[in-house]
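[1] Sharing a model prediction with you, sequence too.
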Amino acid sequence: MAASMNAVDDYSRRSMEANSRAITPLTDASAFAYAEDPEQLANDAPPNQQIEKERPEHVLMCYMLASGKKRAEIAAATGYGYAQVCQIVRQPWFRKRFLRLAKEAGQNEVQAFLQSETLNSLETLVQLRDSAATPPAVKVASVKEILDRSLGKSVQHVKTESEINITRAAEEGIVTEKELATVEAEMKARGINPHVGLS
């Protein structure tokens with residue numbers, strides 16, 4: 001057990017040393033890009049240092065932060081110092097990953113909630129349909145909803161009638177004389193009388 005803890009401590013120490021070699025001062029261009037980022041969190045301070053290389057433990061930190069862990073808890077669990085964790089979580093690449101994870105988690109929770117409520121909603125519709133106290137209009141609406149959810153909505157057929165009168169379109173200024181001549185020539189080429197329906 002002690003040997004495995006020493007190996008973890010050794011790994012953490014080597015990771016921190018390698019990480020410190022990848023740290024550079026934040027340039028003015030990096031700070032400006034950070035400040036102009038549309039996904040910047042409210043009151044989010046830019047990092048004092050830029051960490052150029054993302055490491056596996058940084059990904060772990062991101063998941064820990066997204067699951068609600070505090071920075072001090074992340075520092076204790078990973079062996080990094082609190083100040084190092086604060087610098088890592090402020091990195092633009094860290095923030096983008098964190099926002100993506102948080103967004104996915106929120107979407108998954110909403111979707112799971114809606115799916116869990118589907119059966120309850122259908123049971124409510126069945127109760128409305130079967131209750132003697134329910135007004136007839138509500139019964140019909142609940143039956144329609146149950147059928148729509150199980151069979152899909154019925155196809156609505158729409159019939160439209162229109163009369164094309166290209167001469168009238170030209171008179172009203174919708175098309176020019178040149179466009180009118182082109183359309184008439186195309187209609188004649190297809191065997192259609194362009195003057196049918198003239199009044």
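    Happy to help now that I have it.
[2] wait, what's in contact with Ala72?
    Shown in contact with Ala72 (Cβ atoms under 8 Å, 6 or more residues apart in numbering): Tyr82. For every residue, glycine as well, the C-beta is placed using N, CA and C.
[3] Val85 versus that one, what's the distance?
    Applying Cβ to Cβ, to the nearest Å, the value for Ala72 to Val85 is 8 Å.
[4] cool, Glu57 as well?
    Noted for Glu57: a distance of 10 Å to Val85, by Cβ to Cβ.
[5] Of these two, which one has the most company?
    Higher neighbour count among Glu57 and Val85: Val85, with 23 against 19, using other Cβ atoms under 10 Å.
[6] List the contacts of the more buried one.
    Contacts of Val85 by Cβ under 8 Å, 6+ apart are 61, 71, 74-75, 78.
[7] By neighbour count, which of those residues wins?
    Going by other Cβ under 10 Å, Met61 tops the contacts of Val85 with 25 neighbours.
[8] which non-adjacent residue is nearest that residue?
    Nearest residue to Met61, sequence neighbours excluded (Cβ to Cβ, 6 or more residues apart in numbering): Ile74, at 5.3 Å.
[9] Report the contact partners of that neighbour.
    Counting by Cβ under 8 Å, 6+ apart, Ile74 touches 61, 64-65, 80, 85, 89.
[10] among those, which two are most distant?
    Taking Cβ to Cβ, the two most distant members of the contacts of Ile74 are Leu65 and Tyr80; they sit 12.6 Å apart.
[11] Identify the residues contacting stretch 128-138?
    Residues from elsewhere that reach stretch 128-138 (Cβ under 8 Å, 6+ apart): 139, 142-143, 146.
[12] Next, the distance between the ends of it.
    7 Å (Cα to Cα, to the nearest Å).
[13] picking that back up, looking at the contacts of Ile74, which are in helices?
    Among the contacts of Ile74, DSSP state H puts 61, 64-65, 85, 89 in helices.
[14] shaky segments in the chain?
    1-45, 107, 160-175, 195-199 (pLDDT under 70).
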